[in-house]
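A.B. asks: Please work out how this folds:
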Amino acid sequence: MSSSGSASVASGGAGKGRGSRAPAESEEGTDPLPMYGSGHCKWFNVRMGFGFISMTSRGGNPIDPPLDVFVHQSKLHMEGFRSLKEGEAVEFTFKKSSKGLECVRVTGPGGAHCVGSERRPKGKSVQQKRKPKGDRCYNCGGLDHHAKECGLPPQPKKCHYCQSSTHMVAHCPHKASSAAQGRYSSDPPASSSGQTSSPHCSDAGQRASYSAQDCSTSSTSKPSSSPEDPTPKAASSQRKKRKK
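C.D. replies: Numbers count the residues shown, from 1 in each chain. Predicted structure coming up:
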C-alpha cells in the first residue's frame, strides 16, 4: 500500500512539475506580439533622439490615466531628420520589455509620416529646398528645375540661351550682342577729339619734360676737366718749388 501510494504521489508531483514549467517555457520561447495604441508626444529630446508618448487609447479602448511609452528616433516613420513635436498626435505599435513599454513603429494619424519638431541639435539646420537658379533646364528650357529632374523625354537639341533650334549656344547672336553691350558699358567713355587730353596725361607729360630739362641742365653745369686746370700732381710740385 505504501509503495503504491508513494509511487502515485511521485507521479502526481512529477505531473504537477511538468505542468508548471510548460507555461514558463512557452512565454520565454515566444516574443510577445506588438500591440496597437494611439496618443500624443509627451516630450522628445532632439539631441539624444528619444522621448515618451502618452498613450490615451489601447486597441481602440480609451485609457485613463494615459500610459507613458518609450520611443526612439529609429522607430519614427518619416523622412530626413527624425523627431517628434510636443503634443503631436501619433499612432504606434508597442511591446512590453524588461524596461517597460517601448514603441516598435510610430506613424502619424492614418499611417502618414510624422510631422516632427522644428528644433535641431546644435550645428544642424533645417535643409531648405534649393531655390531655382537663373539657368534653364537643358532639355525643355524650364526655369523651375534642371535637366536631371526633367520629366519629359529627350528633346531635340537647341540653343540653351534663346531656345532656338537653328543654332547652338556657342553661336547664339543674342548672347554675343548682350555680352558686347556689357563690355561697352563697363569701358570708360572715349574723348571727343584726339587733340584734347586728360589733365592726368598733361601732368604726366609736364613731369617728363621737367625731368628731361633737369637732366640736361645738370649735365651742362657739371664742371668738365679742361687741359688748363692744373692737375693735382702739378699743384703739389709747384708748392714744393715755392718752399725751396
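
A.B. asks: alpha carbons only for contacts and neighbour counts from here, please
C.D. replies: Will do.

A.B. asks: What's the end-to-end length of stretch 94-112?
C.D. replies: 17 Å (Cα to Cα, to the nearest Å).

A.B. asks: That one - what's its average pLDDT?
C.D. replies: Per-residue pLDDT over stretch 94-112 has a mean of 92.

A.B. asks: Pull out the buried residues from that stretch.
C.D. replies: Along stretch 94-112, the positions that meet the burial threshold by neighbour count (16 or more other Cα atoms under 10 Å) are 94-95, 101-108.

A.B. asks: Ok, stretch 69-77 next?
C.D. replies: Taking 16+ other Cα under 10 Å as the basis for neighbour counts, the residues of stretch 69-77 that come out buried are 69-73, 75-77.

A.B. asks: among these, which are in strands?
C.D. replies: 69-72 (DSSP state E).

A.B. asks: I'd like those residues as JSON lines, with pLDDT and distance to Ser83 appended.
C.D. replies: Converted to JSON lines, these look like this (pLDDT from 0 to 100; distance: Cα to Cα, whole Å):
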{"residue": "Val69", "pLDDT": "94", "distance to Ser83": "15"}
{"residue": "Phe70", "pLDDT": "95", "distance to Ser83": "13"}
{"residue": "Val71", "pLDDT": "94", "distance to Ser83": "10"}
{"residue": "His72", "pLDDT": "94", "distance to Ser83": "9"}
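
A.B. asks: between the buried residues of stretch 94-112, which is closest to Glu88?
C.D. replies: Sorting the buried residues of stretch 94-112 by distance to Glu88 puts Gly108 at the head of the list, at 8.4 Å, by Cα to Cα.

A.B. asks: Would you mind confirming that the closest one is in contact with Gly116?
C.D. replies: No: the pair Gly108 / Gly116 is not scored as a contact, 9.8 Å apart, by Cα atoms under 8 Å.

A.B. asks: Assign a three-state SS to Ala170, would you?
C.D. replies: In terms of secondary structure, Ala170 is helix; the call rests on DSSP: H, G, I helix; E, B strand; the rest coil.

A.B. asks: typed the wrong thing, it's Gly37
C.D. replies: At Gly37 the chain is in strand, as set by three-state DSSP.

A.B. asks: residues in contact with it?
C.D. replies: With contacts defined as Cα atoms under 8 Å, 6 or more residues apart in numbering, Gly37 is in contact with 55-60, 91-94.

A.B. asks: For the residues you listed, give me TSV that also has secondary structure and distance to Lys175.
C.D. replies: Listed next are the contacts of Gly37 as TSV, based on DSSP: H, G, I helix; E, B strand; the rest coil; distance: Cα to Cα, whole Å:
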residue	secondary structure	distance to Lys175
Met55	strand	64
Thr56	strand	66
Ser57	strand	66
Arg58	strand	68
Gly59	coil	68
Gly60	coil	67
Glu91	strand	57
Phe92	strand	59
Thr93	strand	61
Phe94	strand	63
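
A.B. asks: now those: which count as buried?
C.D. replies: Buried residues within the contacts of Gly37, defined by neighbour count using 16+ other Cα under 10 Å: 55-58, 91-94.

A.B. asks: Can I get stretch 84-91 as PDB, trimmed to CA atoms?
C.D. replies: In PDB, the C-alpha atoms belonging to stretch 84-91 read as follows (Å, rounded to 0.1, in the frame of the first residue of the first chain):
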ATOM      1  CA  LEU A  84       8.600  64.400 -32.700                       C
ATOM      2  CA  LYS A  85       6.900  67.600 -31.800                       C
ATOM      3  CA  GLU A  86       5.500  68.000 -28.300                       C
ATOM      4  CA  GLY A  87       1.800  67.400 -28.500                       C
ATOM      5  CA  GLU A  88       1.900  65.800 -31.900                       C
ATOM      6  CA  ALA A  89      -0.800  63.100 -32.500                       C
ATOM      7  CA  VAL A  90       0.600  59.700 -33.300                       C
ATOM      8  CA  GLU A  91      -0.400  56.100 -33.900                       C
END
